[in-house]
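*Asks:* turn this into a structure:
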Amino acid sequence: MSAELDKKRAKGRGNRNTIEGQYLGSMPVYDATTTPTDPEAYWSEWSNIANWFNYKFSPKDFKTYAVRYAKEYLKLSKDDLKDLKKVKDGRFLPVSKLTAIHFTGFNYRDAERLMIEIYLKELIEQGKLIVDEVVEDEDKPKVVSIQSRMFSKMMETIYNEFDDTIIEGWFARDFSAKFDAFTSIKRHDVKGASIKMFANKVSSIHSELNDAYAKDCEDSMEAYSNWTRPHLKKAIKQLDEILADVEAAQLANKAVRKPRASKPKASDKQVAKLNYLKEDNDSKLASISPIQIPGAKVLYIYNVKQKRLTEFVTDNDAGFIVQGSSLKNFDDKLSRVCALRKPSDILPQILKKTQKQIDNVFNGLTTKVSVPAGRINKDCIILRVIN
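*Replies:* Numbering: from 1, shown residues only. Model (predicted):
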């Protein structure tokens, strides 16, 4: 379908004597000679056409125009068009009237053409994230990825407000508008990756403007060739303020975010690599199952080679944690280790008595008491735990 055909249809519709036709008239028709060249007249005329389309058409109609523009003017591939069609109607809002007005014959400049192309290609990338609907089950809804839902919320909330405030102002060469991105983000409860998506879109425009201002990129210079340097400078300043707001919102969200509580490993997994002595015939001792250590409050270890008794104590609510061959969460001030001159007399008491009685046993020892290192090795018997 061509623009000429649309013009013929527009003329045909203009002959219909309807109430809407009496007040709004038929679809406007333009060409290179009738499109205003003066910037003020150009956008004034464009706004009038936009009002006509806004009254006549729905978001679904605008999407049809956008897909048709991508197919006929941009000559995009079938795969790209397929991905573009997956996107919701409302997401075409920023280019809805732009693409529709193209089919009136209105002679767009390079800046508007580039804007449409960039945005449609962004929508195509978004469409690639949407999983196709299963054909066999017609009642089953489309499965939309989390990233797509986040992008959708961002586009329909903060980006839509940004577009209405800043981008629409640029069309009228008004660079005085202020957009409070921080307040908008908070009002719509946009978080995490959605804020980053918005920042990326604004940063992309910011980069183009900087390239055009610095004359570093021919494409950017051509796209904004009808802007003066003061226009570029003012637009860059607007986006600087918005990006600062976005960064502040990201920091604020990070400050109030609750840290994720680490879930302790199961006891058997904690002690899977624990190196210990299962039994010792000389001292007639055998280790209890190390699975009892995680979560316990008191632990007694005996090193048969060094003849050293260790008492580990913790006041941590989670109890002991085992990592490899190391014991974690024990209290340096409450735990102790000392050599035994007569282990055969002391160890049976450790196995049988209460903790208070064991404390008296330790107090009666004459060997030096020191702070344990928290390591369990192949010479260590796990004597006992107390919960």
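*Asks:* I'd guess Lys273 is in a helix, am I close?
*Replies:* No: counting by DSSP: H, G, I helix; E, B strand; the rest coil, Lys273 is not part of a helix but coil.
*Asks:* for it, which non-adjacent residue is closest in space?
*Replies:* Distances taken as C-beta to C-beta, 6 or more residues apart in numbering place Gly324 nearest to Lys273, at 5.3 Å, with adjacent residues excluded. C-beta here means a position set from N, CA and C on the backbone, and glycine is covered the same way.
*Asks:* count the residues that sit near that neighbour.
*Replies:* By other C-beta atoms under 10 Å, the residues close to Gly324 number 13.
*Asks:* how close does it sit to Lys269?
*Replies:* To Lys269, Gly324 is 12 Å away according to C-beta to C-beta, to the nearest Å.
*Asks:* hey, where'd the strands end up in this protein?
*Replies:* Under the criterion DSSP state E, the chain contains strands at 279-280, 285-286, 298-303, 308-313, 321-323, 326-328, 336-339, 380-386.
*Asks:* of those strands, which is nearest Arg149?
*Replies:* Taking C-beta to C-beta, strand 321-323 is the member of these nearest to Arg149, at 37.9 Å.
*Asks:* who are the packing partners of the closest one?
*Replies:* Contacts defined by 3 or more C-beta pairs under 8 Å, 6 or more residues apart in numbering; DSSP states H and E place strand 321-323 against helix 267-270, strand 326-328.
*Asks:* what comes up buried for the first one?
*Replies:* Buried residues in helix 267-270, counted by 16 or more other C-beta atoms under 10 Å: Ser267, Gln270.
*Asks:* distance between it and the chain's centre?
*Replies:* Remark: helix 267-270 is offset 33 Å from the chain centroid, using C-alpha atoms, centre = their mean, to the nearest Å.
*Asks:* average pLDDT across it?
*Replies:* Looking at helix 267-270 alone, the average pLDDT works out to 88.
*Asks:* packing partners for it?
*Replies:* Helix 267-270 sits against strand 321-323, with contacts defined as 3+ C-beta pairs under 8 Å, 6+ apart.
*Asks:* quick one: contacts of the strand it packs on?
*Replies:* Outside strand 321-323, the residues that touch it by C-beta atoms under 8 Å, 6 or more residues apart in numbering are Pro264, Gln270, Val271, Leu274, Pro290, Ile293, Pro294, Leu327, Lys328, Asn329.
*Asks:* equivalent analysis for stretch 51-63, please.
*Replies:* Here stretch 51-63 has contacts from 20, 24-25, 27-28, 87, 89-90, 92-93, 96-97, 99-101, using C-beta under 8 Å, 6+ apart.
*Asks:* mind running it again at 7 Å?
*Replies:* Residues from elsewhere that reach stretch 51-63 (C-beta atoms under 7 Å, 6 or more residues apart in numbering): Leu24, Pro28, Asp89, Gly90, Phe92, Ser96, Lys97, Ala100, Ile101.
*Asks:* so in the protein, which helix runs the longest?
*Replies:* What stands out as the longest helix in the chain, according to DSSP state H, is helix 229-256.
*Asks:* quick check: buried residues in that helix?
*Replies:* In terms of neighbour count (16+ other C-beta under 10 Å), helix 229-256 has its buried residues at 231-232, 234-236, 238-239, 242-243, 245-246, 249-250.
*Asks:* tell me the mean pLDDT for it?
*Replies:* In this model, helix 229-256 carries a mean pLDDT of 89.
*Asks:* for stretch 158-177, same thing?
*Replies:* 89.
*Asks:* end-to-end on it?
*Replies:* 15 Å (C-alpha to C-alpha, to the nearest Å).
*Asks:* contacts only, for Val190.
*Replies:* Val190 neighbours (C-beta under 7 Å, 6+ apart): Lys153, Met154, Thr157, Ile158.
*Asks:* state the distance from the closest residue in space to Lys234 that isn't next to it in sequence to Val246.
*Replies:* Distances taken as C-beta to C-beta, 6+ apart place Phe175 nearest to Lys234, at 3.6 Å, with adjacent residues excluded. Remark: distance between Phe175 and Val246 (C-beta to C-beta) = 19 Å.
*Asks:* cool, Thr104 as well?
*Replies:* 37 Å.
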